[in-house]
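Chemist: fold the following.
(one chain, ligands or ions: 1)
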Amino acid sequence: MPRFAEVADGVYVLRYPVLDVNSTLVVGPDEALLVDTLATPAQAAELAAAVRRVTPLPYRVVNTHHHFDHCFGNAVVAGPGAEVWAHEGCADRLAALDDRALAEIAAEFPRLADGILATTVRVPDRTVREETVLDVGGRTVQLVHLGRGHTDDDLVVVVPDAATVVAGDLVEESGPPGFGDAWPLDWPATDAALLEIVEGLVGTATVVPGHGAAVGRDFVKAQHDELARLAWLCRDGHADDRPPEDVAAVAPYGPGVALVAVLRAYADLDGRL
Ligand SMILES: [Zn+2]
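Modeler: The predicted structure follows:
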């Protein structure tokens with residue numbers, strides 16, 4: 001049974017072994033906040049039980065973005081009563097999911113298919129466009145949209161008193177960045193804005209990635225630099241009419257992952273996204 005581990009003062013991360021995805025719990029004096037809810041009802045039930053081993057307090061929920069492994073547990077962990085926060089684009093996407101869309105996700109992740117198909121999608125009912133400040137039982141927490149990156153509806157969760165940022169999939173530690181719904185040309189600027197927040201924190205910063213172990217400022221900087229290099233390779237390649245495969249062959253993250261990014265970037269430059 002996965003458990004939460006404290007990564008900063010009153011901030012706990014549960015690193016779930018399937019997809020190595022993180023859920024983060026911020027515990028205030030008389031309320032808590034749970035960031036991301038895993039991929040299936042069964043995983044979410046484990047998550048809810050793990051929360052109760054840390055705190056008996058009521059909690060609200062935040063989704064960092066619309067991908068299923070971060071929000072399909074909403075209905076189980078939030079029940080009908082707890083607020084669920086997300087970027088407005090995330091809420092719109094989840095509201096638009098129908099049985100066919102669920103079937104497509106299930107087909108992409110066959111080992112989780114039964115759970116995905118059994119999911120009742122709880123659409124976030126509190127939305128953020130740019131920034132919202134929450135009072136989590138006396139603790140200030142900021143929900144911030146920094147621009148397009150991993151998706152166009154990424155939110156980061158900033159806990160200033162713990163020098164912590166929950167970055168969602170804008171930062172990944174245990175694998176390369178995911179480009180399937182990404183905006184590779186915009187992601188470097190978004191990561192630069194994230195870096196500015198991280199560098200503005202008082203104390204040694206903790207950054208919780210969407211997947212993998214918690215990292216620090218240097219990891220975010222290194223990922224920013226790689227994404228910036230990738231973006232310029234895409235711009236140059238597109239300007240020179242180079243085949244996407246040729247650009248991907250010399251790009252960071254290996255040709256397979258990079259090709260997804262290059263195709264997205266080319267589509268963006270052609271006005272096809
Ligand atoms: Zn994602």
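Chemist: in the sheet, who's paired with the closest residue to Gly10 other than its chain neighbours?
Modeler: Closest residue to Gly10 apart from its sequence neighbours, by C-beta to C-beta, 6 or more residues apart in numbering: Val27 at 4.8 Å. In short, each C-beta sits where N, CA and C put it, glycine included. Bridge pairing for Val27 (DSSP bridges) gives the partners Ala32.
Chemist: which residues touch Val27?
Modeler: Going by C-beta atoms under 8 Å, 6 or more residues apart in numbering, Val27 touches Gly10, Val11, Tyr12, Val54, Thr55, Leu57.
Chemist: just give me the neighbour total for the first one.
Modeler: Right, the one you point to is Gly10. By other C-beta atoms under 10 Å, the residues close to Gly10 number 19.
Chemist: tell me the spacing between it and Thr204.
Modeler: Counting by C-beta to C-beta, to the nearest Å, the separation of Gly10 from Thr204 is 16 Å.
Chemist: likewise for the last one?
Modeler: Here the criterion is C-beta to C-beta. By it, Leu57 lies 27 Å from Thr204.
Chemist: neighbour-wise, which of those two wins?
Modeler: Leu57 (17 against 9).
Chemist: what's the closest non-adjacent residue to that one?
Modeler: Using C-beta to C-beta, 6+ apart, the closest residue to Leu57 is Ala32 (4.8 Å).
Chemist: my guess is that neighbour contacts Gly137. True?
Modeler: Yes - here Ala32 reaches Gly137: they are 7.1 Å apart, a contact under C-beta atoms under 8 Å.
Chemist: give me the common contacts of the two.
Modeler: The contact lists of Ala32 and Gly137 share Leu57, where a contact means C-beta under 8 Å, 6+ apart.
Chemist: between these two, which is the more surrounded one?
Modeler: Counted by other C-beta under 10 Å, Ala32 and Gly137 do not tie: Ala32 has more neighbours, with 23 against 18.
Chemist: same for the helix or strand containing Cys90, what does it pack against?
Modeler: Here Cys90 sits within helix 88-96, counting by DSSP states H and E. If you count contacts as 3 or more C-beta pairs under 8 Å, 6 or more residues apart in numbering; DSSP states H and E, helix 88-96 packs onto strand 126-128.
Chemist: with only the CA atoms kept, save the helix or strand containing Val247 in PDB.
Modeler: Taking DSSP H and E as the definition, Val247 sits inside helix 244-249. Presented in PDB, the C-alpha positions along helix 244-249 are these (Å, rounded to 0.1, in the frame of the first residue of the first chain):
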ATOM      1  CA  PRO A 244      10.900  16.100 -38.700                       C
ATOM      2  CA  GLU A 245      12.700  12.700 -38.400                       C
ATOM      3  CA  ASP A 246      16.100  14.500 -39.100                       C
ATOM      4  CA  VAL A 247      15.400  17.100 -36.500                       C
ATOM      5  CA  ALA A 248      14.300  14.500 -33.900                       C
ATOM      6  CA  ALA A 249      17.500  12.400 -34.600                       C
END
